[in-house]
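Enquirer: could you work out the structure for the sequence below:
(2 chains)
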Amino acid sequence: MAAGDKYIVRVKMPRNEEVKFEDIIRGWVCVNTNNLDDKVLFKSDGMPTYHLANVVDDYLMNISHVIRGEEWLPSAPLHVLLYRFFGWADEMPQFAHLPLILRPDGNGKLSKRDGDRLGFPVFPTNWKNPETGEQSSGYRERGYYPGAFNNMLAFLGWNPGTTQELFSMEELIQAFSLERVGKAGAKFDFDKTNWFNQQYLRMYTGIELATQLMPYLEAESLEAENEYTAQVCDLMKERATFVKDILKEGRYFFEAPTSYDEKTIKKKWKEQTPAIITELSGLLKELPSFDPESIGACFKSFLEAKELGFGAVMPGFRLSVTGLGAGASMNNIAALLGKEEVLKRIEVALNTIKK
RNA sequence: GGUCCGUUCGUCUAGGGGUUAGGACUCAUGGUUUUCAUCCAUGCAACAGGGGUUCGAUUCCCCUACGGACUACCA
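Expert: Prediction:
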């Protein structure tokens, strides 16, 4: 050392001594020091290892609880010993070793590789490894709400003991306790994560959702009045898991259909359909008020007058206006689009769809 | 290999010496809906195995099996 040689500092582990500590989640954990080795405390570059740094930092910061993953459990006895050796045993924080999050397929700790392989994110936000340049996708960018993500995460290993599953951050803070955290690892469930997001989405108003949808509209150069978009969102939110689904499922609200669903044409666009739709169009044109109720009433009286069933008219009507075979109530859709637009679309459809 | 931790429906889990073992997600079926979705109802489905303790174990104890974590001058 005097000659300037590199050196490290290790802890001198006592022989054959039981180290015991109480973990909040696991209860008493007991390890014999014979199974522990003389861990390095200072590396040859003069920097402390995690084991030393963690204990010193936490002591200096008056940390009350050390809450970390189960992978730290094997080195916890070393940390307990360190507190003792430094004379800090009385001020040692409480330990809680959380169960691991397991991969959805098979077993084993969830890793970022699993996400790439199985097609779901493992990080809260997009992340680029500064060393390797490797990209990992995040929940936020995929359209998950922070609240939904937290809610899902909290329920991986913890539960309130009631049947309530939806918790705001404030409720979570109130209800959460380490004592109710389970010991076993939990597999990540993608379906359940989506369900949480769907539940959160539905709690927003149409106006709030419209604001959230704006960036997606802009990205595709689609324009719409905020008030209009809000109404679209109100109508569509029951069928969406992510905000972007509203655009995906309801693109026809923002631009006329450019194509018509082949399957629906094949099954529902009969020989007499063009004539029927033309006649319906004529009636809609005369409607003094183009609101959902009036449109519905008009539609119904048309069916009665012509002695037609819903199935003979509605699919063609929907296909002409939206280009799709299924979706929200046509009365609402038509009313939202407005008479002029609806009539125009029908005209285009009649000229475009060939049987 | 060694040490430590774990094991209730496919998944997340509640429960806890005597229960029809409860809920949620998924899936299936039925109802509502012009359609799809939603919503409602119903259904499928679990205490890893073996020993104890006990009048009685899924619950307590032990063993086995299986799974996981750790075993770096990483964290």
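
Enquirer: give the rounded mean pLDDT of stretch A:323-338.
Expert: The average pLDDT for stretch A:323-338 rounds to 94.

Enquirer: touching RNA strand B at all, that stretch?
Expert: Yes: applying Cβ under 7 Å from any atom of the strand, one finds stretch A:323-338 touching RNA strand B at A:325-331. Backbone N, C-alpha and C define where each C-beta goes, glycine included.

Enquirer: could the residues you listed be laid out in TSV, adding secondary structure, distance to A:F299 and neighbour count?
Expert: Shown next, in TSV, are the residues of stretch A:323-338 next to RNA strand B (DSSP: H, G, I helix; E, B strand; the rest coil; distance: Cβ to Cβ, whole Å; neighbours: other Cβ atoms under 10 Å):
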residue	secondary structure	distance to A:F299	neighbour count
A:G325	coil	18	16
A:A326	coil	17	11
A:G327	coil	16	18
A:A328	coil	15	18
A:S329	coil	11	12
A:M330	helix	8	19
A:N331	helix	7	17
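
Enquirer: out of those residues, who's nearest A:Q94?
Expert: Of all the residues of stretch A:323-338 next to RNA strand B, A:A328 has the smallest distance to A:Q94: 53.1 Å, by Cβ to Cβ.

Enquirer: which ones are touching A:E70?
Expert: By Cβ atoms under 8 Å, 6 or more residues apart in numbering, A:E70 lies in contact with A:97-100, A:185.

Enquirer: can you redo those as CSV with distance to A:K268?
Expert: Formatted as CSV, those follow (distance: Cβ to Cβ, whole Å):
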residue, distance to A:K268
A:H97, 60
A:L98, 54
A:P99, 52
A:L100, 52
A:G185, 50
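
Enquirer: what about RNA strand B: which of the residues you listed touch it?
Expert: Answer for the contacts of A:E70 near RNA strand B (Cβ under 7 Å from any atom of the strand): A:99-100, A:185.

Enquirer: so for A:L350, what's the nearest residue that isn't a sequence neighbour?
Expert: A:P274 (5.4 Å; Cβ to Cβ, 6 or more residues apart in numbering).

Enquirer: which element is that neighbour on?
Expert: For A:P274, the host element (DSSP states H and E) is helix A:273-285.
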